[in-house]
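# the sequence and its predicted three-dimensional model are supplied below.
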Amino acid sequence: MSPLPAYGRTVHPPQPFAAGPMPPTNTGWAVVALLFFWPLAFSAFSHSSKVTGLWWSGDVAGAQYSSDQVKKLGKIALLVWGICTALLVIFYGVAVVYATSSGAAGSSGPR
């Protein structure tokens, strides 16, 4: 066990060793995940909140991994939204073409 600090002394948290600048938390990418595909936002915000704590505890690789995961999850959410939007536009386009070409909009058909 470590001895208690003397009265009046402040105990500073351990400093990272030759770590360089802290990796970004990429909270913006977590917000992108929340807006465009919310199921990924839980993991994105979890990783985003870990970055600072991991970096200050000296786990530089863990902090960088969490930062990279947030960015990756945000990009995946944006990609999923884009694919779903493109599929929806294609579906509506096919439905409009089918409806207009089948004669349903104005032809009199058999009597």
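Thanks, I have it.
# what's the offset of whichever strand or helix holds Ile83 from the middle of its chain?
Of the helices and strands defined by DSSP states H and E, Ile83 is found in helix 60-101. In terms of Cα atoms, centre = their mean, to the nearest Å, the gap separating the centre of helix 60-101 from the centre of its chain is 12 Å.
# dump the residue contacts of the residue nearest the centre of the chain.
Among the residues of the chain, Gly74 comes closest to the average C-alpha position under Cα atoms, centre = their mean, at 2.7 Å. Applying Cβ atoms under 8 Å, 6 or more residues apart in numbering, one finds that Gly74 lies in contact with Asn26, Gly28, Trp29, Ala30, Val31, Val32, Ala33, Leu40, Ala44. For every residue, glycine as well, the C-beta is placed using N, CA and C.
# from Tyr65, how far off is it?
15 Å (Cβ to Cβ, to the nearest Å).
# ok, His30 - contacts?
Slight slip there: residue 30 is Ala, not His. Counting by Cβ under 8 Å, 6+ apart, Ala30 touches Ala41, Ala44, Phe45, His47, Ser48, Val70, Leu73, Gly74.
# my guess is the second one contacts Val70, does it?
Yes: judged on Cβ atoms under 8 Å, Ala44 makes contact with Val70 at a distance of 5.1 Å.
# please enumerate the shared neighbours of the two.
Trp29, Ala30.
# what stretches of this protein score poorly on pLDDT?
Flagging of the chain using pLDDT under 70 yields the residue ranges 1-19, 103-111.
# can you rerun that using 90?
Per-residue confidence of the chain (counting by pLDDT under 90) places the weak regions at 1-20, 58, 102-111.
# neighbouring contacts of the helix or strand containing Thr52?
Assigning secondary structure by DSSP H and E places Thr52 in helix 41-56. If you take Cβ under 8 Å, 6+ apart as the criterion, helix 41-56 is touched by 13-16, 19, 22-27, 29-30, 33-34, 60, 62-63, 66-67, 69-70, 73-74, 77.
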